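*Asks:* A predicted structure for the sequence below; I have some questions about it.
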Amino acid sequence: MTPASWFRAVFRQWPFLIALGIVIAGVLVVVDDHFKRGTVIIAGGVCVAAFLRMILPNSRAGLLGVRSRFLDVLTLGFLGGGTLIAALIVPPPS
């Protein structure tokens, strides 16, 4: 695999990389001792993945397209929404 073809293959996964980047940013915020803020960012990253899977055609969804579009959006939406609800319910540390 040449470097140019490797770069094109990675660049075709841009929807997944955007969502993954947001989730990693949230994890870094959690590591920096801001649990609630970081968890909300993680939930936002999963919701962005759900949104991208919903609007992009199957040929452009990349690694976000695992199952049918409906099931992918439903799963990512429940995970993102559940994480967001859990982040907002958890009381701040005392």
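*Replies:* Nice, I can see it. Predicted model only: the values in this text are computed from it and were never measured.

*Asks:* how far is stretch 5-19 from where the chain is centred?
*Replies:* Relative to the chain's own centre, stretch 5-19 is displaced by 14 Å; criterion: CA atoms, centre = their mean, to the nearest Å.

*Asks:* Identify all contacting residues around that stretch.
*Replies:* Residues outside stretch 5-19 that contact it (CB atoms under 8 Å, 6 or more residues apart in numbering) are 1, 45-46, 48-49, 52-53, 56, 60-64. C-betas here are computed from N, CA, C, even on glycine.

*Asks:* List buried residues within the residues you listed.
*Replies:* Of the members of the contacts of stretch 5-19, the ones counted as buried by neighbours, 16 or more other CB atoms under 10 Å, are Gly45, Val46, Val48, Ala49, Leu52, Arg53, Leu56, Ala61, Gly62, Leu64.

*Asks:* Between the residues you listed, which sits nearest Leu79?
*Replies:* Within those, distances to Leu79 taken as CB to CB reach their minimum at Val46, with 5.2 Å.

*Asks:* hang on, the earlier thing: okay, and which of the contacts of stretch 5-19 map to helices?
*Replies:* Applying DSSP state H to those, the entries found in helices are Gly45, Val46, Val48, Ala49, Leu52, Arg53, Arg60, Ala61.

*Asks:* Local confidence estimate at the residue nearest to the first one when sequence neighbours are not counted?
*Replies:* This points to Gly45. Nearest-residue entry for Gly45: Ile22, 3.2 Å, with adjacent residues in sequence omitted and distances by CB to CB, 6 or more residues apart in numbering. Note for Ile22: predicted pLDDT of 98.

*Asks:* OK, contacts around Ile22?
*Replies:* With contacts defined as CB under 8 Å, 6+ apart, Ile22 is in contact with Ile41, Ile42, Gly44, Gly45, Val48.

*Asks:* Adding pLDDT and distance to Phe70, write those out as TSV.
*Replies:* What follows is the contacts of Ile22, written out as TSV (pLDDT from 0 to 100; distance: CB to CB, whole Å):
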residue	pLDDT	distance to Phe70
Ile41	97	26
Ile42	97	24
Gly44	97	22
Gly45	98	21
Val48	97	18
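
*Asks:* Perfect, I'm done here.
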